[in-house]
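[1] Build me a model:
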Amino acid sequence: MVFNLTKLLRLTSNKVVLRECHSIFGLKDLIQQEKLVKVSVVPVHKDKHALAIDIIKEYFLTEHALVCDRRMNVHDDRALDEYLGTLLKQGNSLFAKTRDGTIAGLCVNFASSPVDPKNLRNYAFYRQDPNTKDFLYFTAKLQETPNLWSMFKEPKIFQINMLTVLPDYRRQGLATMLVEKSQALAQSQGYKVIRMDCINPYDYKLAERCMLKCLTKFPLHKLRGANAPFIKRSSEYNRCIRVYVNARPQIDSDKEIKQQLSELEDILG
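    All right, here's what the predicted structure looks like:
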């Protein structure tokens, strides 16, 4: 026989265990499926805001396109701490926690209104660090591109933002769970429009898995500051951003939505 197996694979309900074997194909090198960790999704309470900010900086912002492009040091940036703190104070953000209380993931959620980008730009104007200033300007510009408040005629929209799962707990469905719980939270509070901006490839696949609809997409270099793009066209971090929504538009608004999307495409070129 081709194989000389002394022991075979044993299949359990939650794990594939590889037993000792000998084969010219190296079956003992098969990848072992890890046991899924049981988690619960809970609100991020006030006493955990500092921990949440540290997680955002360590696992989300370090992969952010603009942060990487500018090689920003976000760890000692008090202006970012203050901005992130204002988002967490709304009380809509969620932790994924294991049974022993270990944080496995985080999703920062917040409700936004049309004045928020303007307020964020005003806040950015007084920051001293030019990269921090541009990061906040970039965030404000993205928040209103496209302008969903006008498009769907809603005074506030619910934004699913800054989603991250810690490395040891990835590929176990936690991100999907956080997005689904965030959508349920938004709907329970009466929000009719939910927005999720996706830059990384796995983000948009996650959004589609959670039944959000891609409203528009464009390369990041199309987002411009006062004098130049935030991210240059030639940058390796010039990724395509996709804006996903879960919305219940008014019956007479479909035509206007299409018109505004067409105008946005003309602006972005």
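
[2] Residue 229 and residue 166, how far apart?
    32 Å (Cβ to Cβ, to the nearest Å). Any C-beta I mention is one placed from the backbone N, CA and C, and that applies to glycine too.

[3] no no, residue 179
    16 Å.

[4] Next: residue 139.
    When residue 139 is compared with residue 166 (using Cβ to Cβ), they lie 23 Å apart.

[5] neighbour count winner among these two?
    Neighbours were tallied for residue 139 and for residue 166 using other Cβ atoms under 10 Å; the higher tally belongs to residue 139 (20 against 16).

[6] for the more buried one, phi and psi?
    phi -60, psi -40 (degrees, to the nearest 10).

[7] Please name the nearest non-neighbouring residue to it.
    residue 120 (6.4 Å; Cβ to Cβ, 6 or more residues apart in numbering).

[8] who touches the residue nearest the centre of the chain in this structure?
    With distances taken as Cα atoms, centre = their mean, residue 163 lies nearest the centre of the chain, 3.6 Å away. Going by Cβ atoms under 8 Å, 6 or more residues apart in numbering, residue 163 touches 60, 105-108, 175, 178-179, 203, 206.

[9] Wasn't residue 160 part of a strand?
    Yes: under DSSP: H, G, I helix; E, B strand; the rest coil, residue 160 sits within a strand.

[10] Strand partners (parallel or antiparallel) of the helix or strand hosting the residue nearest to the centre of the chain?
    Assigned by DSSP states H and E, residue 163 belongs to strand 157-165. Strand partners for strand 157-165, identified by DSSP bridges, are recorded as strand 103-112 (antiparallel), strand 193-198 (parallel).

[11] Helices of the stretch 151-269 of the chain, residue ranges please.
    174-188, 201-209, 254-268 (DSSP state H, counting those that start in this stretch).

[12] tally of neighbours for residue 229?
    The burial count for residue 229: 16, using other Cβ under 10 Å.

[13] can you check the one 10 residues further on too?
    Residue neighbour count, defined by other Cβ under 10 Å, stands at 16 for residue 239.
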